[in-house]
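> no FASTA, just this:
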C-alpha cells in the first residue's frame, strides 16, 4: 500500500507507514484518483525549497536576548545548540505558553529553561510531503533540518506555502 502522505510503498496490510509512521488502518483500499496530490509534493526533497539558515543560540543565552534576536532577524524560532549539537528549539509558541504571564526574569533566566527539548528534525533529502505530514501531526510550525557538516536550517509552514504557491500548476 502506498502511503498517501509520503508516497512510501509499504507491504500490503501494514498498520502504519514504515517511513513516516502515518496510520494506514483507516485508509480506503480504493486507489486514489490521479491528480489528487501533485507528484511534485510527494517527490520534492526539502533541499529544493532552499531552506533558510536557522538562528542558533546557546542554552545559556537569556530569554530576552533570544527573543530580541528572533525579532531582529524576523524568525519565529531559534535552535538551541550546545557543542554543535541540537538540544532544543525556542519558538513564538514557547514565548506564549512558557514565558508570558509567568514570573520569570527574562534578562537572567536561560533559554534552556523554557525551550522545547529534543525537537523532531528532518533531513534535507526528506520529501516535502513528509515534512508537511510531520508538521500536521505534531502541530509544528518550524522544524529543524540537520545535515552532517552543514549549518542547521529550518523549514516553516510559511516556507512550505510559499513553495507550493510558486510551483502551483
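Okay, I see it. Just so it is clear, the structure is predicted and the values come from calculations on it, not from any experiment.

> what sits opposite the spatially most central residue of the chain in the beta ladder?
Nearest to the geometric centre of the chain sits residue 143, at 1.9 Å (C-alpha atoms, centre = their mean). Residue 143 forms beta bridges with residue 155, as assigned by DSSP bridges.

> go ahead and confirm it touches residue 120.
Yes. Here residue 143 lies in contact with residue 120, judged by C-beta atoms under 8 Å, at a distance of 6.2 Å. Every residue, glycine included, has its C-beta placed from N, CA and C.

> please identify every residue contacting each of the two.
residue 134 (C-beta atoms under 8 Å, 6 or more residues apart in numbering).

> follow-up on the earlier one: what does the pLDDT read for the residue nearest to the centre of the chain?
Note on residue 143: pLDDT of 94.

> next one: the one 10 residues further on
We have a pLDDT of 93 for residue 153.

> got the contact list for it?
Residue 153 is in contact with 51-54, 124, 144-145, 147, counting by C-beta under 8 Å, 6+ apart.

> could you chop this protein up by domain?
Per automatic domain parsing, the domain ranges recorded for the chain read 1-36, 46-166.

> so which of the ones you listed is the most packed in?
Of all these, domain 46-166 has the most neighbours on average by mean count of other C-beta atoms under 10 Å, namely a mean of 16.

> gap between it and the chain center?
8 Å (C-alpha atoms, centre = their mean, to the nearest Å).

> residue 72 is in what secondary structure piece?
helix 63-73 (DSSP states H and E).

> so what touches that helix?
In contact with helix 63-73 (C-beta under 8 Å, 6+ apart) are residues 55, 57, 75-78, 90, 92, 95, 99, 104, 106-107, 109-111, 113-114.

> perfect, I'm done here.
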